[in-house]
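In: Compute the structure for the input listed below.
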Amino acid sequence: MDIRNHKLLYLKGGLFVLAGLLASAGILQAAPSLRVAALLAVAIWCFARAYYFAFYVIEHYVDPGYKFAGIWSFLCYAMRRRQGTRGENNVPPS
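Out: Alright, predicted model coming up:
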């Protein structure tokens with residue numbers, strides 16, 4: 001399903017933030033310590049940077065001709081690159 005409604009997109013983004021906050025609160029409630037809080041913050045930051053790398057850096061600096069459709073698309077792309085083939089863009093035209 002391709003969501004194009006701006007309000008639904010903002011709602012989806014807000015729900016991701018809410019889910020992340022609830023999960024983080026649950027982890028900190030289960031193991032309340034500064035060490036756990038720091039490790040959780042580092043993990044969240046690292047995953048955010050990895051996501052940025054996969055969908056912005058690769059697309060804009062490494063292979064501008066490739067458009068990613070999601071995590072699975074990136075993993076398939078990375079495996080094809082490792083095997084020496086680029087593959088075709090698997091995003092349908094708009």
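
In: what's the helix or strand where Tyr52 lies in contact with?
Out: Following DSSP states H and E, one finds Tyr52 within helix 34-52. The contact list for helix 34-52 (CB atoms under 8 Å, 6 or more residues apart in numbering) reads 20, 24, 27-28. C-beta: built from backbone N, CA, C; applies to glycine.

In: Looking at the record's assignment, how would you partition this structure?
Out: Using automatic domain parsing, the domain parsing of the chain gives 1-32, 46-88.

In: Need the winner for burial among the ones you listed.
Out: The highest average neighbour count among these, using mean count of other CB atoms under 10 Å, belongs to domain 46-88 at a mean of 12.

In: picking up where we left off before, the domains of the chain into TSV, with extra columns for mean pLDDT and distance to Leu39?
Out: Shown next, in TSV, are the domains of the chain (pLDDT from 0 to 100; distance: least, CB to CB, whole Å):
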stretch	mean pLDDT	distance to Leu39
domain 1-32	92	9
domain 46-88	81	10
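
In: Need the ones you listed in a markdown table (columns: distance to Leu40).
Out: Formatted as a markdown table, the domains of the chain follow (distance: least, CB to CB, whole Å):
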| stretch | distance to Leu40 |
| --- | --- |
| domain 1-32 | 6 |
| domain 46-88 | 11 |
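
In: before we move on, back to that, of all the contacts of helix 34-52, which two lie farthest apart?
Out: Greatest spatial distance in the contacts of helix 34-52: Gly20 and Leu28, 12.4 Å, computed using CB to CB.

In: quick one on the thing from earlier: mind checking what helix or strand follows the helix holding Tyr52 in sequence?
Out: Following helix 34-52 toward the C-terminus (DSSP H and E): helix 71-82.

In: can I get the CA coordinates of that next one in PDB?
Out: In PDB, the C-alpha atoms belonging to helix 71-82 read as follows (Å, rounded to 0.1, in the frame of the first residue of the first chain):
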ATOM      1  CA  ILE A  71      15.400  -2.700   4.300                       C
ATOM      2  CA  TRP A  72      14.900  -5.900   2.200                       C
ATOM      3  CA  SER A  73      15.700  -3.900  -1.000                       C
ATOM      4  CA  PHE A  74      18.900  -2.700   0.500                       C
ATOM      5  CA  LEU A  75      20.000  -6.200   1.700                       C
ATOM      6  CA  CYS A  76      19.300  -7.600  -1.700                       C
ATOM      7  CA  TYR A  77      21.300  -4.700  -3.300                       C
ATOM      8  CA  ALA A  78      24.200  -5.200  -0.900                       C
ATOM      9  CA  MET A  79      24.300  -9.000  -1.600                       C
ATOM     10  CA  ARG A  80      24.300  -8.400  -5.400                       C
ATOM     11  CA  ARG A  81      27.100  -5.800  -5.100                       C
ATOM     12  CA  ARG A  82      29.100  -8.300  -3.000                       C
END
